[in-house]
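1. heads up, no residue letters with this:
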């Protein structure tokens, strides 16, 4: 049987704003097609991937069977939550005939769905772009935030004449929150109170790091202590002294500016029934090759003992990353390129192996110092 392999990169993506979902609305994989003359659009709705993944596909044709193989890529590394996406792929220039389209996971261990279509046209000529929706349902991949990537609450200020720009970087709030501020002045103390607001979709089931800034204008000359609090003043995020000169009577408090979310953490206590994986799998580490640290994602569909270990080319164990009982879920383990004694290991090729029950899978990784 002749096989034709066509590989492509995603050139552009269509991000569609969809309403936020709750955990009781899990992803439901559905595969269907739309035929327009010699062109087929394959849809995969309810695709369940890491929130920060960009999906790339490869195409493997075996006579009348066309396999679409989806794989995750991470331009900025994986997040700590899983998302539902809707994907679509356009294939043009197919010869007339009947075709069976199958949509698979990266290692073809999971068949998401298949569909028969009849088409007229000339030949297999072109592949279109993958279109990927925005995330519309999230669930946690880890109950704890990695220690090396916290939201670091930092408060500082920039002074210009009678205006003070107050910054709160590394603010930790619900991913779907719009942060609003109020100002309470007590003599020379300026208290900024931050609080979350939510649109019709309500809160998401994950937390994010944001950078916030707000201008205070029209201050009389003098020294001020600026404090940034949560809404009930139970948490003081930070404080800073400023000295201001000048005065004008055109207001006291400007509009708050909020960055996009740049780090995500799932919140397990917001999830009533998170969707669980259906199969065991071990993903390729990212980044690879790596220098300082790499992330290894894996999933287990049932409670079991899990061992994740790193070996060198001689088969000698270098480091044990995970060893213990784990519940069915999605996980991310991190390796800093050190051995069990905390020593830096040399550049080269290494292997990492996941053992979960009777399941064993090994992948290769590369360290470049």
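-> Right, received. Where do you want to start? Small disclaimer: the values here were computed from a predicted structure and weren't measured.

2. only C-alpha atoms for contact and neighbour calcs from this point on.
-> Noted.

3. Which pLDDT value belongs to residue 113?
-> Looking at residue 113, its pLDDT stands at 88.

4. Check which helix or strand residue 56 maps to.
-> Under the criterion DSSP states H and E, the helix or strand holding residue 56 is strand 54-62.

5. could you give the mean pLDDT of that strand?
-> With pLDDT averaged residue by residue, strand 54-62 scores 87.

6. Next, the buried residues of that strand.
-> Across strand 54-62, burial judged by 16 or more other CA atoms under 10 Å covers 54, 55, 56, 57, 58, 59, 60, 61.

7. Arrange those in CSV, one row each, with distance to residue 294 as further columns.
-> Shown next, in CSV, are the buried residues of strand 54-62 (distance: CA to CA, whole Å):
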residue, distance to residue 294
54, 18
55, 19
56, 20
57, 23
58, 25
59, 28
60, 30
61, 34
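
8. Of these, just say which sits nearest to residue 301.
-> Checking the buried residues of strand 54-62 against residue 301 with CA to CA, the nearest one is residue 55 at 22.3 Å.

9. hey, what's that closest one bridged with?
-> residue 72 (DSSP bridges).

10. Do I have it right that it meets residue 68?
-> No - using CA atoms under 8 Å as the test, residue 55 is too far from residue 68 to be in contact (11.9 Å).

11. Strand 54-62 and the host helix or strand of residue 49, what's the angle between them?
-> If you go by DSSP H and E, residue 49 is part of strand 39-50. For strand 39-50 against strand 54-62, the angle by axes from the mean of the first three to the mean of the last three CA atoms, to 10 degrees is 130 degrees.

12. Pairing partners for strand 39-50, with directions?
-> Paired neighbours of strand 39-50 in the sheet (DSSP bridges): strand 30-36 (antiparallel), strand 81-92 (antiparallel).

13. now the shortest one, how far from the centre of its chain.
-> The one in question is strand 30-36. Centroid separation for strand 30-36 versus its chain: 27 Å, with CA atoms, centre = their mean, to the nearest Å.

14. How about stretch 27-35?
-> That offset, for stretch 27-35, works out to 23 Å (CA atoms, centre = their mean).

15. Also stretch 296-303?
-> Computed by CA atoms, centre = their mean, the chain-centroid distance of stretch 296-303 equals 17 Å.

16. again, but for stretch 155-164
-> Here stretch 155-164 shows a centroid-to-chain-centroid distance of 34 Å under the convention CA atoms, centre = their mean.

17. Check stretch 220-238 too.
-> On the basis of CA atoms, centre = their mean, stretch 220-238 sits 32 Å off its chain's mean C-alpha point.

18. Touching that stretch from outside, list them.
-> 153-155, 162, 168, 188-195, 239-248 (CA atoms under 8 Å, 6 or more residues apart in numbering).

19. From one end of that stretch to the other, what's the distance?
-> This stretch, stretch 220-238, spans 23 Å end to end (CA to CA, to the nearest Å).

20. Let me see the ranges of the helices in the chain.
-> For the chain, applying DSSP state H gives no helices.

21. Let me see the domain layout of it.
-> Using automatic domain parsing, the domains assigned to the chain come out as 3-140, 154-262, 281-367.

22. and these, which one's lowest on average pLDDT?
-> Of all the domains of the chain, domain 3-140 has the smallest average pLDDT, which comes to a mean of 69.

23. what sits up against stretch 306-314?
-> So stretch 306-314 is in contact with 317-326, 349-357, going by CA under 8 Å, 6+ apart.

24. cutoff 10 Å now
-> 282, 296, 298, 300, 316-327, 333, 335, 337, 339, 345, 348-357, 359-365 (CA atoms under 10 Å, 6 or more residues apart in numbering).

25. Any of the residues you listed buried? List them.
-> Burial by neighbour count, 16+ other CA under 10 Å: within these this picks out 282, 296, 298, 300, 317-322, 326, 335, 337, 339, 350-356, 362, 364-365.

26. can you pull up the bridge partners for residue 32?
-> Taking DSSP bridges as the rule, residue 32 bridges to residue 43.

27. Run through the bridge partners of residue 66.
-> Beta bridges link residue 66 to residue 61, residue 101 when assigned by DSSP bridges.

28. returning to that earlier point: narrow the contacts of stretch 306-314 to those in strands?
-> Judged by DSSP state E, strands contain the following of the contacts of stretch 306-314: 282, 296, 298, 300, 317-326, 333, 335, 348-356, 359-365.
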